[in-house]
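> attaching a predicted model along with its sequence, questions to come.
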Amino acid sequence: MKSAFATLIRQLNQRGWSWATSTNYSYLDENEQIWVSRSGVNKADFTEQDFMSIDHFGVGTGMYHGVKPSDETQIHLWIYNNFPEARVILHSHSKFPVLISQRNDKNFNVQGYELQKGFLGTKSHLDAISIPIIENSQDMGVLCQDLNERRLDIQQHCFIIAAHGTYAWGKNIFEAQRHLETLDYLCECEFLR
């Protein structure tokens, strides 16, 4: 898992989805241990050793005791707590969702694209889907409270944080990547339309 995930993180960087040392990623292993990408690591050079283990409160464990993960680890914990099927979480800073969030207020609404079936549970290009746009905050408590208030709106295994980026998840790397790429594709199409 770690090796394949580290490869994906480098690939997402090559796409321009993790500028500077931005973005963060996590997964739950077979023992329910949470692993997150270490803060401040250039994702172009990301390796298996750049994951750190944390407990369910976001505190470093084992050899990482005392090492502070990214503040945004709290968002990952919120997703794991609210979406038990989530085993892999991807956070992107790709451009088109950020730009879409500046053109829309509370939701990104889309319909009519064949690729929207990339979201698990979407059966037809005719389905109207709505991706929540969450107000950005540097206070993770405030941001997670906003997520709590929008919890029922999150239906497509992803959301956008306004002028910030996206979070997408799945039961494995393949599904999480599919949800992230689907969202990015739809944002690009709608932005360029």
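All right, it came through fine.
> Three-state assignment for the residue most central in space within the chain, please.
Per CA atoms, centre = their mean, the C-alpha nearest to the average position across the chain is that of Tyr167, at 2.1 Å. Following DSSP: H, G, I helix; E, B strand; the rest coil, Tyr167 is assigned to strand.
> which stretches of the protein form helices?
For the chain, the helices defined by DSSP state H cover 2-14, 73-82, 95-103, 140-150, 173-192.
> which residues are in contact with Ala162?
Contacts for Ala162 were tallied using CB atoms under 8 Å, 6 or more residues apart in numbering; they are Ser101, Gln102, Ile133, Ile134, Glu135, Asn136. (Each C-beta comes from the backbone N, C-alpha and C, glycine too.)
> which among those count as buried?
Ser101, Ile133, Ile134 (16 or more other CB atoms under 10 Å).
> so can I have TSV of those showing pLDDT and distance to Leu152?
TSV is the format used below for the buried ones among the contacts of Ala162 (pLDDT from 0 to 100; distance: CB to CB, whole Å):
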residue	pLDDT	distance to Leu152
Ser101	97	20
Ile133	98	15
Ile134	98	13
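> got any ranges where this structure has weak pLDDT?
Counting by pLDDT under 70, the chain shows no low-confidence range.
> hang on, the earlier thing: just give the closest residue to the residue nearest to the centre of the chain, not the sequence neighbours.
Closest residue to Tyr167 apart from its sequence neighbours, by CB to CB, 6 or more residues apart in numbering: His91 at 5.3 Å.
> contacting residues for the one you found?
Applying CB under 8 Å, 6+ apart to His91 gives the contacts Thr23, Asn24, Tyr25, Glu72, Ile75, His76, Gly165, Thr166, Tyr167.
> and what of Ser39?
Thr21, Asn24, Lys68, Pro69, Ser70.
> again with Cys144
Counted by CB under 8 Å, 6+ apart, Cys144 has contacts Gln74, Ile75, Trp78.
> Asn107 pairs with what?
Pro132 (DSSP bridges).
> burial count for it?
Close neighbours of Asn107, defined as other CB atoms under 10 Å, add up to 15.
> verify the stated contact: the residue nearest to the centre of the chain with Leu90.
Yes. Tyr167 is within contact range of Leu90, at 7.3 Å (criterion: CB atoms under 8 Å).
> between these two, what contacts are shared?
The contact sets of Tyr167 and Leu90 do not overlap (CB under 8 Å, 6+ apart).
> now stretch 87-100, how far from the centre of its chain.
Relative to its chain's centre, stretch 87-100 lies at 6 Å (CA atoms, centre = their mean, to the nearest Å).
> the chain should start at 9 in everything you say after this.
All right, first residue 9 from here; so that's stretch 95-108.
> just the CA trace of it, in CSV.
Taking C-alpha atoms only, stretch 95-108 is exported to CSV below (Å, rounded to 0.1, in the frame of the first residue of the first chain):
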residue,chain,number,x,y,z
ARG,A,95,-9.8,3.9,3.7
VAL,A,96,-7.8,6.4,1.5
ILE,A,97,-8.1,10.2,1.4
LEU,A,98,-6.5,12.4,-1.2
HIS,A,99,-6.3,16.2,-0.9
SER,A,100,-5.5,18.2,-4.0
HIS,A,101,-4.7,21.9,-4.8
SER,A,102,-5.5,21.5,-8.5
LYS,A,103,-6.5,24.8,-10.1
PHE,A,104,-10.0,24.2,-11.6
PRO,A,105,-11.8,23.3,-8.4
VAL,A,106,-10.3,26.3,-6.7
LEU,A,107,-11.5,28.5,-9.6
ILE,A,108,-14.9,26.9,-9.6
